[in-house]
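[1] coords below, sequence missing:
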């Protein structure tokens, strides 16, 4: 598969460098995912607290139902939007994670030919 020991060493060195570069990118992606999750949780808690305060001061059942309905609608829309965003972030993470593997397979296939 490899013509000599130097080819094997170069291949190994290239793979280690690719893995190191990939690790930094993956770390950045994981940090971005954690930040997004934290910000979404914070916004959700703030919205829930604000809604609770509105409900405490309500004078009629109709108003309470309207406040709760508005909250449920906005919470659902926020959850769908956040789920889409998190899905994109996780897809990007998976692509970055697999990139060194794909490159290694391609190089081995090229050497094998």
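    Yes, it's here. Bear in mind the structure is a predicted one, so any value in this text is a computation, not a measurement.
[2] what residue is smack in the middle of the protein?
    For the chain, the residue whose C-alpha lies nearest the mean C-alpha position (C-alpha atoms, centre = their mean) is residue 89; its distance is 3.1 Å.
[3] and after the helix or strand containing residue 9, which helix or strand comes next?
    For residue 9, the host element (DSSP states H and E) is helix 5-56. Using DSSP H and E, the helix or strand that follows helix 5-56 in sequence is helix 61-112.
[4] next, the angle helix 5-56 makes with that next one.
    180 degrees (axes from the mean of the first three to the mean of the last three C-alpha atoms, to 10 degrees).
[5] I'd like the distance from helix 61-112 to the chain centre, please.
    Between the centre of helix 61-112 and the centre of its chain there are 6 Å (C-alpha atoms, centre = their mean, to the nearest Å).
[6] going forward, the N-terminal residue is numbered 15.
    Let's use 15 as the start, then, which means that last one is helix 75-126.
[7] which elements pack onto that helix?
    With contacts defined as 3 or more C-beta pairs under 8 Å, 6 or more residues apart in numbering; DSSP states H and E, the packing partners of helix 75-126 are helix 19-70. For the C-beta atoms, the positions are set from N, CA and C on the backbone; glycine is no exception.
[8] quick one: the closest residue to residue 103 other than its chain neighbours from residue 111, how far?
    Sequence neighbours aside, residue 47 is the residue nearest to residue 103 in space, at 5.0 Å (criterion: C-beta to C-beta, 6 or more residues apart in numbering). Distance from residue 47 to residue 111, counting by C-beta to C-beta, to the nearest Å: 13 Å.
[9] over to residue 42?
    Residue 42 sits 12 Å away from residue 111, going by C-beta to C-beta.
[10] likewise for residue 34?
    14 Å.
[11] which one of those two has more residues nearby?
    Taking other C-beta atoms under 10 Å, residue 34 and residue 111 do not tie; residue 111 has more neighbours (14 against 10).
[12] the more buried one touches residue 33, doesn't it?
    No - using C-beta atoms under 8 Å, residue 111 is not in contact with residue 33, being 10.6 Å away.
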